[in-house]
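Participant: build me a model from this:
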Amino acid sequence: VDVVLFGRSRKVTYYNLPRDFFQIFDHSFSKMETPERTLTTITIPESLEILNESAGGVAFEVPLAESPRHNGNILPPSHFLSSSAKGNQSDLTVPLTPESITEKLKHAEERRLNLEQHRATLLAAENNRPIEISKIKDQQTEEFKKQTEEKLQKKLESAQENRERVLQAKVEKAKAPIEKGLAVVQQHLAKLEEERLLLQEKINEKLNTAETNRQEQLDRLMEKLSEHDKKIEACKNQSKTEMMINEETD
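Facilitator: Residues are numbered from 1 along each chain as shown. Coordinates of the predicted model:
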C-alpha cells in the first residue's frame with residue numbers, strides 16, 4: 001500500500017508499505033485493550049493522478065521538482081553529490097553531447113578497469129595471505145617442535161645421568177656387605193671342599209677294601225669250583241671203570 005502524508009511544514013512524505021502491514025498491526029493488537037481514539041482522515045489532493053488501483057491497495061504518483069540538470073541556475077546540494085561529481089559541478093551546467101557522453105564513458109571504463117585491477121590485487125593478496133600465514137604457522141610449529149625436542153633430550157640425558165649416579169651409589173653401598181658375605185661363603189666352600197676330599201678318600205679306601213675282599217671271595221669260590229669239578233671228573237672216571245668191569249664179568 002502506498003501512503004502519502006502531509007505534515008505541518010507542507011512537505012510530502014511518501015511511504016511504500018506492504019499490503020499486509022495493517023493486517024499485522026490488527027492481528028498483534030487485537031487482543032490488547034486500547035483507549036478510545038478519534039479517527040484521522042488523510043486527504044489526498046486532486047492534483048495527484050491515480051495510476052492504478054487494485055483490491056490490495058492504491059498507488060499514487062507524486063510530482064517532484066525538476067532536475068537541476070534542466071535548470072542551469074539551480075545546483076543540487078553538495079551532500080547529494082558523489083566525490084567525483086563534487087569536483088565537476090561545472091559539468092552539470094554543460095549540456096550533454098555525444099562527445100561528452102563518450103568521454104565520460106571512457107573515463108568510467110578506465111575507472112572500472114582500475115577498480116577491477118585494484119580489486120584483483122587485493123584479492124590476490126587476500127588469497128596469498130592464508131598461504132603466508134600457513135607457512136609462518138608451520139615454521140613456528142617446527143621451531144617449537146625442535147625446541148621441545150631439545151628440551152626433552154636434555155631432560156632425558158639429565159635423568160639418565162642422575163639415574164646412573166643413584167644406581168652407582170646404591171651399588172657401592174650394597175657392595176660392602178655383599179663382599180663380606182662372599183668372603184664368608186668362600187670360607188664355607190673351602191671347608192666343604194676339604195670335608196669332601198676327606199670323604200672321597202675314605203670312600204675310595206672303602207671301595208678298594210671292598211674290591212679286594214670281593215676279589216678274594218671270588219678266588220676262593222673259583223678254587224672251590226675247580227675242586228668240585230675235579231671231584232666230579234673223578235667220580236665220572238670211577239663210574240666208567242666200574243661199568244667196564246661189570247661188562248667184562250658178564
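
Participant: strands of this protein, start to end?
Facilitator: For the chain, applying DSSP state E gives strands covering 2-6, 12-16, 49-54, 57-61.

Participant: shaky segments in this structure?
Facilitator: Residues of the chain meeting the criterion pLDDT under 70: 1-95, 250.

Participant: tell me where it has helices.
Facilitator: Assigned by DSSP state H, the helices in the chain fall at 21-28, 83-86, 98-249.

Participant: packing partners of the longest one?
Facilitator: Helices and strands in packing contact with helix 98-249 are not found; criterion 3 or more CB pairs under 8 Å, 6 or more residues apart in numbering; DSSP states H and E. The way it works is simple: take the backbone N, C-alpha and C, and place the C-beta from them, glycine included.

Participant: circling back: any chance of TSV for the helices of the chain, columns mean neighbour count?
Facilitator: Output for the helices of the chain, formatted as TSV (neighbours: other CB atoms under 10 Å):
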stretch	mean neighbour count
helix 21-28	11
helix 83-86	10
helix 98-249	10
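
Participant: Thr102 and Leu221, how far apart?
Facilitator: Using CB to CB, to the nearest Å, we find Thr102 at a distance of 155 Å from Leu221.

Participant: now swap in Gln140 and tell me
Facilitator: Gln140 is 106 Å from Leu221, by CB to CB.

Participant: now do Lys151
Facilitator: In this structure, Lys151 lies at 94 Å from Leu221, with CB to CB as the measure.

Participant: and if you look at Arg163?
Facilitator: 77 Å.

Participant: could you do Ala125 as well?
Facilitator: Distance, Ala125 to Leu221, by CB to CB: 124 Å.

Participant: just Gln153 next, same as before
Facilitator: For Gln153, the distance to Leu221 - CB to CB - is 88 Å.

Participant: again with Glu195
Facilitator: Glu195 is 38 Å from Leu221, by CB to CB.

Participant: what does Ile133 give?
Facilitator: From Ile133 to Leu221 the distance is 114 Å (CB to CB).

Participant: one more: Pro177?
Facilitator: Taking CB to CB, one finds Pro177 at 64 Å from Leu221.

Participant: what does Ser134 give?
Facilitator: 110 Å.
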